[in-house]
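[1] What follows is a predicted structure for the sequence shown.
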Amino acid sequence: MTGSGPYEAVVFDLDGVICHTDHYHYLGWKSVADDLGVPFDETVNNRLRGVSRMASLDIILEQYDGAPLTDERKLELATTKNDRYRVMLGGMSPADLDPSVRATLDDLRGRGLKLAIGSSSRNARYILERIGLGDYFDAISDGTNISRSKPDPEVFLKAAEYLGIDPARCVVVEDAVAGIEAGQAAGMYTVSIGDAADLGAGDARLGTFADLSHVMADLGA
Ligand code: B16
Ligand code: MG
């Protein structure tokens with residue numbers, strides 16, 4: 001059975017939508033910024049949402065005024081951040097999945113919608129395993145299968161391709177403005193939550209993840 005309305009699938013961003021690894025990204029980058037003596041706060045962190053690891057480092061280094069860094073040193077800094085971030089991910093468990101997120105996903109699946117992940121993260125599969133959703137999604141498109149980061153639509157177009165569903169019949173849920181732009185560029189209906197919703201981005205906005213059930217019902221799913 002597939003969705004009965006115009007939409008057949010929902011593609012979810014991971015970090016900041018399904019779970020709150022965005023805080024761990026913040027802590028990881030903050031520790032590297034502190035090592036470098038670079039100012040770093042939530043405003044800078046919000047610019048990193050949906051952005052690839054190396055592009056995130058470039059944003060942080062905008063305020064670095066020390067000696068020029070070689071590409072090798074930059075890679076070392078990004079690896080240090082990722083190592084610290086992975087330690088935090090290792091402490092995650094199914095208890096870090098909000099029950100209302102799981103209930104909403106089950107509700108959408110019960111209506112015949114296909115569910116996929118569209119994340120810039122190279123750690124997406126590890127995170128999904130940690131929170132007990134390792135085998136849950138019908139398709140996963142992540143940082144390991146793309147060459148261009150959001151706002152490029154590649155990650156979402158790949159998700160649609162893996163599902164075998166026309167992008168125009170997909171809904172994207174995102175917490176990043178760059179992710180909403182990527183969804184729009186993919187020709188998908190876009191739904192924002194968190195930071196992107198606060199900024200008024202997307203075709204529809206969620207106060208809570210559970211509101212997605214109502215949005216999909218309004219769309220005829
Ligand atoms: P990693 P999403 C994105 O995940 C994060 O929002 C962004 O802050 C991060 O830099 C990017 O993944 C890459 O993550 O370093 O784990 O490969 O929001 O697209 O699920
Ligand atoms: Mg995100």
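    Noted; the coordinates are in hand. Ligands and ions are numbered 1, 2, ... in the order given.
[2] Residue most distant from the centroid, this protein?
    Taking C-alpha atoms, centre = their mean as the measure, the residue most remote from the mean C-alpha position of the chain is A67, 33.1 Å away.
[3] Confirm that one sits in a strand?
    No. The assignment for A67 (DSSP: H, G, I helix; E, B strand; the rest coil) gives coil, which keeps it out of a strand.
[4] how about it, phi and psi?
    Dihedral pair for A67: phi -60, psi 150, per degrees, to the nearest 10.
[5] State the distance from it to E76.
    15 Å (C-beta to C-beta, to the nearest Å). Quick note: C-beta positions are derived from backbone N, CA and C, even for glycine.
[6] which secondary structure elements does the helix or strand containing L108 contact?
    Using DSSP states H and E, L108 sits within helix 99-110. Where contact means 3 or more C-beta pairs under 8 Å, 6 or more residues apart in numbering; DSSP states H and E, helix 99-110 is packed against strand 114-118, helix 211-218.
[7] can you give me the strands for this protein?
    9-12, 114-118, 139-141, 170-174, 189-192, 204-205 (DSSP state E).
[8] which residues touch D106?
    Going by C-beta atoms under 8 Å, 6 or more residues apart in numbering, D106 touches no other residue.
[9] what does this protein put close to ligand 2?
    Residues of the chain lying near ligand 2 by C-beta under 5 Å from the ion: D13, D15, G16, G50, D175, A176.
[10] so how far is P68 from the first one?
    Separation of D13 from P68 (C-beta to C-beta) stands at 34 Å.
[11] So for those two, which residue has more residues nearby?
    Neighbours per residue, other C-beta atoms under 10 Å: of D13 and P68, the larger number sits with D13, 31 against 6.
[12] For the residue nearest to that one when sequence neighbours are not counted, the count of nearby residues, please.
    Leaving aside its sequence neighbours, D13 sits nearest to E174 (C-beta to C-beta, 6 or more residues apart in numbering; 4.6 Å). For E174, the count of nearby residues is 32 (other C-beta under 10 Å).
[13] so what's E174 up against?
    13, 17, 50, 180, 182-183, 190-193, 196, 201-202.
[14] Tally up the residues packed near the residue nearest to L69 when sequence neighbours are not counted, please.
    Distances taken as C-beta to C-beta, 6+ apart put L61 closest to L69, at 7.1 Å, once the chain neighbours are dropped. For L61, the neighbour count with other C-beta under 10 Å is 17.
[15] Next one, pLDDT for L61 please.
    Note for L61: predicted pLDDT of 96.
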